[in-house]
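*Asks:* I would like to see how this sequence folds:
(one chain, ligands or ions: 1)
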Amino acid sequence: MTSKKKTKLGFLASARGSNMQVIIDACKADELPAQPVVVISNNRESGALARAQAEGIAAYHLSSSTHPDPEQLDRKITSTLQEHEVDIVILAGYMKKIGQRTLTAYKGRILNIHPALLPKYGGAGMYGMHVHAAVIANGEKESGATIHIVDGDYDTGPVLAQKTVVVTAADTAESLARKVLTVEHELYVETLGKILNSEIQLPDRGKFN
Ligand code: GRF
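*Replies:* Alright, predicted model coming up:
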């Protein structure tokens, strides 16, 4: 009996790469029928690139310093993903907008995680601790994580899944960030599992499943 072809995952990440790591770990543990094949970062010093190298996954630093022309950068990101035959692109703390060529090539197959319950607390400037500080400042009783399909803007594409956390009076932006990161890790693996077993259908699912 031939085993089913694994879905190939490509990551774009700018910093720590902890979401990327839990997905890699789930693939290695056969919890996800997928194979991480490439990691691209705009940050040469990122934890994500170091993690990729430690895992033996192809790793590329592609940024405005390697490719000053935005169109050339977009072209290089698309071709790198395609050369590695990526089926699904996973944004894991990627701080740059995705270029039009990449968006078109991977339409409906680029996922992002955001550390709040979109559509609240999304958009330009809403990243990292800014998100959690705004949630606390507004006295919200809950926050959480959202996974969505990426379109041309920040945090606006169709929502695929959310997971909530309770915000208590004792929470600070830092403590809330830790709580949300824990559910982010759970949610990314769970949601990918549902995509891969077709419980959640991506618009262009037929291309990889
Ligand atoms: C996460 O909070 C994610 O929601 C946001 O950026 C952060 C990335 O963390 N988009 P890590 O690099 O995965 O540790």
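*Asks:* can you list phi and psi of the closest residue to residue 118 other than its chain neighbours for me?
*Replies:* Using CB to CB, 6 or more residues apart in numbering and skipping residues adjacent in sequence, the residue nearest residue 118 is residue 146, 4.2 Å away. Heads up, the C-betas are built off the backbone N, CA and C, glycines and all. Residue 146 adopts backbone torsions of phi -130, psi 140, taken as degrees, to the nearest 10.
*Asks:* which strand residues bridge residue 146?
*Replies:* Judged by DSSP bridges, the bridge partners of residue 146 are residue 114, residue 162.
*Asks:* equivalent analysis for residue 110, please.
*Replies:* With DSSP bridges as the rule, residue 110 is bridged to residue 89.
*Asks:* my guess is it contacts residue 89, does it?
*Replies:* Yes: between residue 110 and residue 89 a contact is recorded at 4.3 Å, counting by CB atoms under 8 Å.
*Asks:* list residues touching both of these two?
*Replies:* Shared contacts of residue 110 and residue 89, defined by CB atoms under 8 Å, 6 or more residues apart in numbering, comprise 102, 150.
*Asks:* residues near the residue nearest to residue 118, how many?
*Replies:* Residue 146 has 23 neighbours, counted by other CB atoms under 10 Å.
*Asks:* same check on residue 166?
*Replies:* Neighbour count of residue 166, defined by other CB under 10 Å: 11.
*Asks:* can you name the residues that contact it?
*Replies:* 141-142.
*Asks:* tell me the confidence at it?
*Replies:* Here the pLDDT value assigned to residue 166 is 98.
*Asks:* give the bridge partners for it, please.
*Replies:* Going by DSSP bridges, residue 166 is paired in beta bridges with residue 142.
*Asks:* from the ligand, how far out is it?
*Replies:* Distance, residue 166 to the ligand, by CB to the nearest ligand atom, to the nearest Å: 18 Å.
*Asks:* quick check: that residue vs residue 35, distance?
*Replies:* 36 Å (CB to CB, to the nearest Å).
*Asks:* ok, the residue nearest to residue 150 when sequence neighbours are not counted - contacts?
*Replies:* For residue 150, ignoring the flanking residues on the chain, the nearest one in space by CB to CB, 6+ apart is residue 110 at 4.0 Å. Residues in contact with residue 110 (CB under 8 Å, 6+ apart) are 88-91, 98, 102-103, 149-150.
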